[in-house]
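In: I need the structure of the sequence given here:
(one chain, ligands or ions: 1)
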Amino acid sequence: MLDVNTIFEEIESDFMNYIDCYIDDEEDPEYRRLMELKKDHSMQVSAKAESIAQAENFESRMILLCKVAGMLHDIGRFEQIQIYGTLDDLNSVDHGDLGYEVLSNTGFLEHFETVEQLALLFAVKNHNKRLVDDYPNEITEVITKVTRDADKLDVFRVMFNSLEEHIPEHTNAVLLGLTESDDVTNDVADYIESGKLVNKEVLVTTTDFYLMQLSWVFDLNFKSTLKKIKGSEYFQNLSDRLPDNDRVVKLKSIVFQHITNQS
Ligand SMILES: [Fe+2]
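Out: Sure, this is the predicted structure:
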């Protein structure tokens with residue numbers, strides 16, 4: 001049996017070749033940019049998944065599986081961008097489901113036993129679902145939860161970079177074209193006050209959007225992820241973008257209290 005580092009390097013090399021085919025074929029500079037962004041995000045999520053798995057003291061095979069799931073979690077994105085020209089699942093296809101299809105048709109997972117392959121496929125398919133509570137076994141649960149945490153951690157970085165570019169189209173894409181306002185929609189406040197992840201469907205204002213991002217802390221699975229959030233300049237920047245009105249200050253304090261209590 002190959003050692004864990006060799007297995008990771010082989011899958012990484014296969015994955016890089018896979019992505020490069022899409023990037024080389026793509027003539028539209030904006031779509032190329034999106035693919036580069038996703039390539040970078042994939043590697044960052046892999047590194048963050050490894051770091052969470054190490055902090056949780058998992059054994060080396062489990063750390064490998066988390067690293068691989070992190071790297072491949074968005075594998076559906078490349079085909080989604082090429083076919084539909086968008087990252088918007090609502091106007092194209094669920095990229096977790098597409099990733100599952102894509103990965104099933106590659107030989108990337110050949111080094112793994114069947115139970116491991118199924119766990120990795122489950123993590124890819126479910127990394128973007130609002131709620132996942134029905135796990136077939138423990139290994140699947142751990143890999144999926146690490147992937148979901150690592151993905152969220154890295155999205156704070158990606159969002160920060162997109163907002164800092166000050167390119168209106170990029171900002172608009174991040175903020176989903178919401179109305180710029182300091183107001184908080186009642187449903188958004190209700191979710192946070194009950195310690196729940198805000199549902200995207202209730203967002204009206206840009207302030208709602210930033211609050212929804214902060215509410216991701218209610219959907220994190222590991223203490224080590226919450227510790228990383230505590231020290232994250234990207235998370236802090238997101239919080240600093242919010243207006244200073246009483247309602248927002250109160251909601252922010254609920255979020256930060258949760259981080260302190262859980263980490
Ligand atoms: Fe994703």
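
In: so what's the residue lying closest to Ser232 once chain neighbours are set aside up against?
Out: With sequence-adjacent residues excluded and distances taken as Cβ to Cβ, 6 or more residues apart in numbering, Ser232 is closest to Phe156, at 6.1 Å. Quick note: C-beta positions are derived from backbone N, CA and C, even for glycine. Counting by Cβ atoms under 8 Å, 6 or more residues apart in numbering, Phe156 touches Gln213, Ser232, Tyr234, Phe235, Leu238.

In: Make CSV from these and add secondary structure to it.
Out: Below are the contacts of Phe156 laid out as CSV (DSSP: H, G, I helix; E, B strand; the rest coil):
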residue, secondary structure
Gln213, helix
Ser232, coil
Tyr234, helix
Phe235, helix
Leu238, helix
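
In: Just the buried ones among those, please.
Out: Buried subset of the contacts of Phe156 (neighbour count, 16 or more other Cβ atoms under 10 Å): Gln213, Ser232, Tyr234, Phe235, Leu238.

In: which among those residues gets closest to Glu79?
Out: Of all the buried ones among the contacts of Phe156, Glu79 sits closest to Gln213, with 26.6 Å by Cβ to Cβ.

In: I'd assumed Met159 was in contact with that closest one.
Out: Yes - here Gln213 reaches Met159: they are 7.1 Å apart, a contact under Cβ atoms under 8 Å.

In: Nearest to the ion: which residue in the stretch 101-250 of the chain?
Out: Relative to the ion, the nearest point of the stretch 101-250 of the chain is Asn128 (4.7 Å; Cβ to the ion).

In: re the thing from before, the buried ones among the contacts of Phe156 into TSV, with extra columns for distance to the ion and pLDDT?
Out: Listed next are the buried ones among the contacts of Phe156 as TSV, based on distance: Cβ to the ion, whole Å; pLDDT from 0 to 100:
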residue	distance to the ion	pLDDT
Gln213	15	95
Ser232	19	93
Tyr234	17	94
Phe235	19	95
Leu238	18	92
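
In: Let me know the closest of these to Asp244.
Out: So of the buried ones among the contacts of Phe156, ranked by how close each gets to Asp244 (Cβ to Cβ), first place is Leu238, at 14.8 Å.

In: Report the spatially closest residue to that closest one, excluding sequence-adjacent ones.
Out: Gln213 (5.6 Å).
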